[in-house]
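>>> have a look at this prediction, sequence included:
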Amino acid sequence: MIAMVMTACTGQEAEMAEAAQDKFNYVVDQFADLQILRYQVPGFEALSLKQKQLLYHLSEAALMGRDILFDQNCRYNLPIRRTLEAIYKGYKGDRKEPQFIALETYLKRVWFANGIHHHYAEDKFVPGFTPEFFRSCVEQVEVSELPLAEGQTVGQFVAGISPVIFDPEVMPKRSVQSGDADLIQVSANNYYGEGVTQKEVEDFYAEMKAGKDTVSPISYGLNSRLVKENGKLVEKVWKVGGLYSPAIEKIVSELQKAVAFAENEAQKAIIEKLIEYYQTGDLKTFDAYSILWVEDTVSDVDFVNGFIETYGDPLGMKASWESTVNFINKEATKRTKVISDNAQWFEDHSPVDKRFKKEKVKGVSAKVITVSMLGGDCYPATPIGINLPNADWIRRDHGSKSVTIENITEAYDKASQGNGFSEEFVWSDAEREMLKKYGFITDNLHTDLHECLGHGSGKLLPGTDPDALKAYSSTLEEARADLFGLYYLGDAKLVELGLVPDADAHKAEYYKYIMNGLMTQLVRIEQGKNVEEAHMRNRQLIAKWVYEKGKADHVVELKQRDGKTYVLVNDYAKLRELFGCLLAEVQRIKSEGDFAAGKKLVEDYGVKVDPVLHAEVLERYAKLNLAPYKGFVNPVMKEIKSDTGEVTDVVLDYTEGYADQMLRYSTEYSFLPSYNK
């Protein structure tokens, strides 16, 4: 009877949890090409108080560096954001006036992109308000609220900042990833000082690397801005006492508080080593921290905090600041444990040349996580999976740690249900039913394989420079990981391991991936533009390559019906073979550092857009009134204290709106001056 009662209670609790989830309002706001969502943090309430306090301080550290990313993306981002916020808060005119509404939308886009350039396309936003309206708004703001430089008048400030906002020829693109121009000088990001050229950067770091350790090299240039002082190149290191010190000091302060709540000695050592890195800026210390972090596979709570990803640097060297805070989803992690336990099998059976395979896969760990806070370059737009560390030699000698963020993928899935997209773009009911039956499973599994095995697979040949692929490195690395996941999704081994229900499941991900790469991701690009962002280039590269190479056998077709274009996959087995062939070539390019071949592959397949198809896709998508990009507001994490000031609980509040959160963050987590030199 006791067992029956317990089973009944468990069933009721599950039903109640599911009902609560169905009532959760995922959508917060929509504007321009963006939709803002909420995510839930299931399981947070069941954590111990100590774990919650650890998450709280790590989450505070995740918010303290927000200004850093704004400044990294463009040196004018902080003064522009602060000016727009001052106008938004103090505007005394009609807030329903079209010009003010346009200014509000522009500010919301600046918040989302952490600057004045699109977070994905990287083009500068075109404001829907006039320079005259902007000037009149600035003149209404109290002078003390404006980010004026020392000795600068309001008129001088407006004259200086207006071209940056309004002139399409001034800083038009945040990061130019390809082409014949000087990639450093034509990019608006703030990783390099004024007047620094691409050749000077490449020569500077080539000289720095010369004669140094090539077996376990540090990540040269990762945590600094390279500038000219008196005609000489100098690194301005991001550390306590260096560039961005006011924000980094706040990050360190919260990390120091987190130490007291570490789950174990290993986790305590990780946090302390990260603090040391922030205090010294020493990249060897960063490597030591990364090794400690990747080897901790027992802690339930985990986090990323630092200068990590190099997508924003045209040369793929300097890293943006980012943070995520999370805890393990133990039930879902059973899936990724099966994958990581079989990592050697996957490596051995990969279709790549034996010379490029790891003889012994080390330390591959994977888990499914529940994220509780997003920060820096992971906010508001966030990855759905992460594989770190990025240093190839650490992966080789110590392994890698991979995560799939399932509460984020679940939020995407819930928010997209019934939006009409599938009916408009999917070929037939057969594909729609296949996507409905298998889509969520295979999408998460592809992320698992991409992060856990794809990024961790293969090896560089001895003497290959990790930076050899330069501007094409990010695109090719994402392609390599995606191809690894796609190839193995169709392998019978996944059925044998119980990761998919049957041998047809992979077809859902294959169809969706090819449709996205050939067609539907084009909704994210302005008409007349090419593909710029690394992940989008990767997906188009793969989809176009297999489409072209499989044309003779009609493996994939673009078919017309009622004046509309659709993707049809005719031969899933041959499609998998093509994925394997391309994986072998991309791995060769990386392993050998073949820049010429890598450049050709990306430029031939990943960049150019068919203007006729693009126009059609945009027109069809516009009728659905959907936003092609999505991001998130964070839950508000609050400490509950007793009368004596003792923390008795930490709770989450999901009610904060988008503008409210952004304005609060700009008030409570803004520590840098407007101009950082």
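Perfect, I can see it now.
>>> relative to Asn444, how far out is the most centrally placed residue in the chain?
Closest to where the C-alpha atoms of the chain average out (Cα atoms, centre = their mean) is Pro383, at 4.0 Å. Here Pro383 is placed at a distance of 13 Å from Asn444 (Cβ to Cβ, to the nearest Å). Quick note: C-beta positions are derived from backbone N, CA and C, even for glycine.
>>> again, but for Ala659
Distance of Ala659 to Asn444, computed by Cβ to Cβ: 32 Å.
>>> neighbour-wise, which of those two wins?
Asn444 (23 against 18; other Cβ atoms under 10 Å).
>>> that one: what's it in contact with?
Arg335, Val368, Thr404, Glu406, Thr409 (Cβ atoms under 8 Å, 6 or more residues apart in numbering).
>>> among those residues, which are in strands?
Those of the contacts of Asn444 mapping onto strands are Val368, Thr404, per DSSP state E.
>>> most neighbours out of the contacts of Asn444, which is it?
Thr404 (29 neighbours).
>>> so that residue is in contact with Ile384, correct?
Yes. With contact defined as Cβ atoms under 8 Å, Thr404 counts as touching Ile384 (6.9 Å).
>>> what sits in contact with each of these two?
With Cβ under 8 Å, 6+ apart, Thr404 and Ile384 have common neighbours Thr447.
>>> mind pulling up the pLDDT for Ala20?
pLDDT for Ala20: 51.
>>> show me the strands in this structure, by range?
Taking DSSP E as the test, the strands found in the chain are 27-31, 34-38, 224-229, 232-237, 301-307, 321-328, 364-376, 385-388, 400-405, 556-561, 564-569, 629-633, 636-641, 647-653.
>>> flag every buried residue along the fourth one.
Read that as strand 232-237. Within strand 232-237, the residues that count as buried by 16 or more other Cβ atoms under 10 Å are Leu233, Glu235, Lys236, Val237.
>>> what distance do you get for the first one to Val164?
Leu233 sits 25 Å away from Val164 when distances are taken as Cβ to Cβ.
>>> got it, and Asn387?
Distance, Asn387 to Val164, by Cβ to Cβ: 36 Å.
>>> out of the two, which sits in the busier spot?
Asn387 (22 against 18).
>>> quick one: terminal-to-terminal distance for stretch 500-508?
Across stretch 500-508, the terminal residues are separated by 12 Å (Cα to Cα, to the nearest Å).
>>> any regions of this protein where pLDDT drops low?
Scanning the chain for pLDDT under 70 picks out 1-22.
>>> CA atoms of stretch 593-612 as PDB?
The C-alpha trace of stretch 593-612 is given here as PDB (Å, rounded to 0.1, in the frame of the first residue of the first chain):
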ATOM      1  CA  GLY A 593      46.700  23.800 -41.300                       C
ATOM      2  CA  ASP A 594      45.800  24.000 -45.000                       C
ATOM      3  CA  PHE A 595      44.700  27.700 -45.100                       C
ATOM      4  CA  ALA A 596      44.300  27.800 -48.900                       C
ATOM      5  CA  ALA A 597      41.900  24.800 -49.000                       C
ATOM      6  CA  GLY A 598      40.000  26.000 -46.000                       C
ATOM      7  CA  LYS A 599      39.500  29.500 -47.500                       C
ATOM      8  CA  LYS A 600      38.300  28.000 -50.800                       C
ATOM      9  CA  LEU A 601      35.900  25.700 -49.100                       C
ATOM     10  CA  VAL A 602      34.300  28.500 -47.000                       C
ATOM     11  CA  GLU A 603      34.300  31.100 -49.800                       C
ATOM     12  CA  ASP A 604      32.900  28.700 -52.400                       C
ATOM     13  CA  TYR A 605      30.100  27.200 -50.300                       C
ATOM     14  CA  GLY A 606      29.600  29.200 -47.100                       C
ATOM     15  CA  VAL A 607      29.400  32.900 -48.100                       C
ATOM     16  CA  LYS A 608      27.400  33.700 -51.300                       C
ATOM     17  CA  VAL A 609      23.600  33.800 -51.300                       C
ATOM     18  CA  ASP A 610      21.200  33.100 -54.200                       C
ATOM     19  CA  PRO A 611      19.400  36.400 -54.300                       C
ATOM     20  CA  VAL A 612      16.200  35.000 -55.900                       C
END
